[in-house]
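A.B. asks: kindly return the folded structure for what I paste below:
(2 chains)
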Amino acid sequence: MKQRITYLVQNPDDFTPEQLDVSETTFTLNKVPAAKEHRITFGLSELPGELRTAFEQWHELHIRWTCQTPYTAVPPFTSRVSPGLHVFFTPRKDQPETTLCDHLHQAFGPLPKCSSPTTSFTKLPVLSERFSMSSYFQYYAHVPTLENLVTFIHEKLCNSSSKACKAAASSLLSVAYLDIDYDAISHAVVINAFWAPNTWTESVTLPGKQDTIEIGVLTHEPNPDPDDIGFGGFLTVLGQDTAPKPTRFQTPTRHYPLAHPLTYTTSLSSPTGLHPTLIISLSTLPIPPHATCKLHAHLTLPSALFIDKYQFVDPLFLAAHHLHALRSLSGATDLEAPDWVVEQWGSAALFEVALPNAPNQQAPPAAYNISIPLHLRYLPAAPSSHSAVPLPWPVLFFACRADEGAKMAGNPFDRLHLGYEALFGPKTRFMHVPPAQGVDGMVEWIDVPVLDLRGAAWVEWGTVGMVVGAFLGLCWVLFGGKKEVVVEKGGKKKQ
Amino acid sequence: MALSLLSSFFASPRAIFSAAILLRALFLVYGLFQDAFSPMKYTDIDYFVFTDAARFISRGQSPYARDTYRYTPLLAWMIYPTTWPGAWFSFGKVLFAIGDIVAGWMMFRILCSYQNMSQERALKFASIWLLNPMVATISTRGSSEGLLGVFVIALLWAVLSKRIELAGLLLGFAVHFKIYPFIYAASIVWWLDDTQLGRHNNANQAASRSLVEMTATFLNYQRVMLAFYSLLTFIGLNMAMYSSYEWPFLEHSYFYHLTRIDHRHNFSPYNTLLYLNSSPKPNHSPSIELERLAFVPQLLLSGVMIPVALSKKDLPSTMLAQTFAFVAFNKVCTSQYFLWYMMFLPFYLPDSTLLRSRRVGITSLVFWVLGQIFWLQQGFQLEFNGQSTFIPGLWASSILFFVVNVWILGIIILDVRAKTPSRPQVAASKKRS
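C.D. replies: Okay, the predicted model is just below:
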């Protein structure tokens, strides 16, 4: 087991080395205001038997979970995915995968539309073949908390006497995002948790005498190369070092924050009906940070919702919604199927947003709305008039051309497999638009009208009765004994 | 003054057909403007499906590469020029509109020749189709239902004029194109008896005939030829399409229509039941799934009982009653289906109770329209306001509309029953002479 903990202090003035204390087995922080990343790497052999056997059957697994509340992303932890549980998976070539969903259900609680990757997962679109790091299958589910995962770790993974294990697991309840990665080549499972800026007063203790933990407390440093970000601060290898060692380094990065204060919120036009429109409201007019930058929205839609790609061909229609093009659409895109026929989890879409014309310098910054027309599938009849469907907020970013692609992977904080990088070339820099703070949650709920079973008892007999009655009535009209009357009537008419 | 102008208008085929063409041309041009300047399109969504399918064909691909293309590949081939640049995109709409006009012209000819109408009266009734804004809108928006009209009316004309080989060809083609015209086979076959063919058998002889003799008499030359040519066309077209487009052709043109659930709201009386019974339910309450038998009353009425009871009295009106029954009892019903029976109205209405009795006619029309308005209002509340109107609103309105339809169908059936069997007129008298 290897561990690396990074505290990133946003404001260097808020931090002095006196706030750190290093002893032989413990590293203590005193009121350090910082964002935190904790990375734990397990060798396969360190995992319990059942999990080890499972991982051994897979080629690659990448799990991305993000919380619903908007958090502050601090460089280099700038990348974002829509809130909820994302799974990117590549099976082994020779082995059809059957158990992944069972493990997911166990770890994250009962998930909708997850029976096996071949039936429930969708194929991840790859526009850029050169992006070799992309997975094959994609799955998403609305999972609001990690409570189930924490219980799972407490019961199944922690040694019953290990308080540290249980405490570490419980700390996951407050993460902003959690990544779990495995690939057959490294034979290692990497768990990466990120906490939004907070004031940390805590101790990190070595689990065993042979173990070491790498702890960094970093601040941002200005640096001459605009493509890189620079860090300064202190590195400590707990178990080896007796005092924090000053450090300074810089690295290119795939994900950057935006320099100018642009945020977005998401809402639905009311009433939603069966054709809800998703509205993304930008706080100001979006100005591309560079001429090569194009604004994109990446949507993750549960199976109850779908996009009709044929709508996004007409330039007038696109312009009316402030869209430039539907760049990619994958997954369950059937235009007619009701939800209960769809086996896949849903679909993912990438839109390029139309940028407004260069804003007038004198004019005050105006808000800018993007709308995306969606459609609802029929949901199963239920003992209520409506069923609620979650719609996670899309992620919004500028995709810009970067001079160097390969070097980005050398970034010790590089984060991959977010579901949308493979839709761009490897030399792409993502500049993320953060969601506005202080909103309830980054999930919209849509009330979908369904057939209310409470009043449906008589529908079957009512319908059949009416049809049979009408049929018999028509039989009588066709062959019945009123012939004389009819002839009379007809005769009169002839006169 | 106005009246005389109106009557001279209806006296002139040139005026009527010019007006019909002008009406469609205006709609077409208006549509071009709306499409060019508004994100809300005049053009029907289906037209984009057809033209996309034609584009796939032009690239050597299958038309079924376009989602929701559920038609014969012939349709995509027919509008192949829409793949050419510029104004050619509207070629399909022009073709459908021309189909409308040709169908209207054949209606006019049939009314003159086989219903012995004066030219003016025939034009008035053909105008129900020719000058009907609903018909003109549907074809100029690019829906293929109007194109089917020209084939069905041509079929009727071919049968009435005893061009049996052509009739067989058209019947086979129409069934290949849209399946439902197979119901006309029954009425045409039943109608094609010896009386129609101008051969008079002695009624006394008929009583003593054996089953074999009766079968032999029934299978007269025309009936066999109709069956032969229609089956030949139908099978030939299907084989040709299958050889080019294989399984997807069968799947999308035919099997889809057998397996579709039709859970989305539509005018059919079955639609709430289909949604209810196809949806998985939390507590599995047993269902008798009687909706699986929905085709029984529909096909018995439209394919057997109405043809047998009525076709010898009046073939065109029987075809109207058949289509009306087929649409009213169908598991799915949208307003485009109304066009299927509207094309027979000019033949039936002249001698109908609906026109003779103003009270009955206006009441029927008002209820037919009200039934749709009630349903559309409920549908709007569901679709755009998100209210769960499935029960009771949508169900009740679709049942109400169904009852109205059945009531009108009853009037049509009674009217046709009251007729004396039609005598072969122009064609047969020519033969006799």
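
A.B. asks: check the stretch 151-300 of chain A for the residue nearest chain B and tell me.
C.D. replies: residue A:273 (4.3 Å; CB to the nearest CB). Where C-beta positions appear, they are placed from N, C-alpha and C, glycine not excepted.

A.B. asks: ah, wrong one, I meant the stretch 251-400 of chain A
C.D. replies: For the stretch 251-400 of chain A and chain B, the shortest gap (CB to the nearest CB) falls at residue A:385, measuring 3.8 Å.

A.B. asks: so what's that residue closest to, chain neighbours aside?
C.D. replies: Closest residue to residue A:385 apart from its sequence neighbours, by CB to CB, 6 or more residues apart in numbering or on different chains: residue B:388 at 3.8 Å.

A.B. asks: and residue B:84, by the same measure?
C.D. replies: Spatially, and ignoring its direct neighbours in sequence, residue B:84 is nearest to residue B:91 (7.8 Å; CB to CB, 6+ apart).

A.B. asks: that neighbour should be in a helix, yeah?
C.D. replies: Yes. Looking at residue B:91 with DSSP: H, G, I helix; E, B strand; the rest coil, it is inside a helix.

A.B. asks: now for it: which residues touch it?
C.D. replies: By CB atoms under 8 Å, 6 or more residues apart in numbering or on different chains, the contact set of residue B:91 is B:79, B:81, B:82, B:84.

A.B. asks: hmm, 10 Å instead?
C.D. replies: The contact partners of residue B:91, taken as CB atoms under 10 Å, 6 or more residues apart in numbering or on different chains, are B:51, B:54, B:78, B:79, B:80, B:81, B:82, B:83, B:84.

A.B. asks: and whichever strand or helix holds residue B:46, anywhere near chain A?
C.D. replies: Assigned by DSSP states H and E, residue B:46 belongs to helix B:45-58. Yes. Residues of helix B:45-58 contacting chain A under CB under 10 Å from any CB of the partner chain: B:45, B:48, B:49, B:52.

A.B. asks: now do stretch B:368-375
C.D. replies: No. Applying CB under 10 Å from any CB, one finds stretch B:368-375 separated from chain A by no less than 13.5 Å.

A.B. asks: where does the stretch 251-400 of chain A dip in pLDDT?
C.D. replies: A:358-365 (pLDDT under 70).

A.B. asks: now the helices: where do they sit in it?
C.D. replies: A:315-320 (DSSP state H, counting those that start in this stretch).

A.B. asks: all strands for it, in order.
C.D. replies: With DSSP state E, counting those that start in this stretch as the criterion, the stretch 251-400 of chain A has strands at A:255-257, A:264-268, A:277-282, A:294-302, A:305-306, A:323-331, A:346-353, A:368-373, A:375-376, A:386-392, A:395-401.

A.B. asks: can you list the low-confidence ranges for the stretch 151-300 of chain B?
C.D. replies: In the stretch 151-300 of chain B, residues with pLDDT under 70: B:194, B:196-209, B:282-289.

A.B. asks: residue numbers of it in contact with chain A?
C.D. replies: B:256, B:260-265, B:268-283, B:285, B:287-291, B:293-294, B:296-298, B:300.
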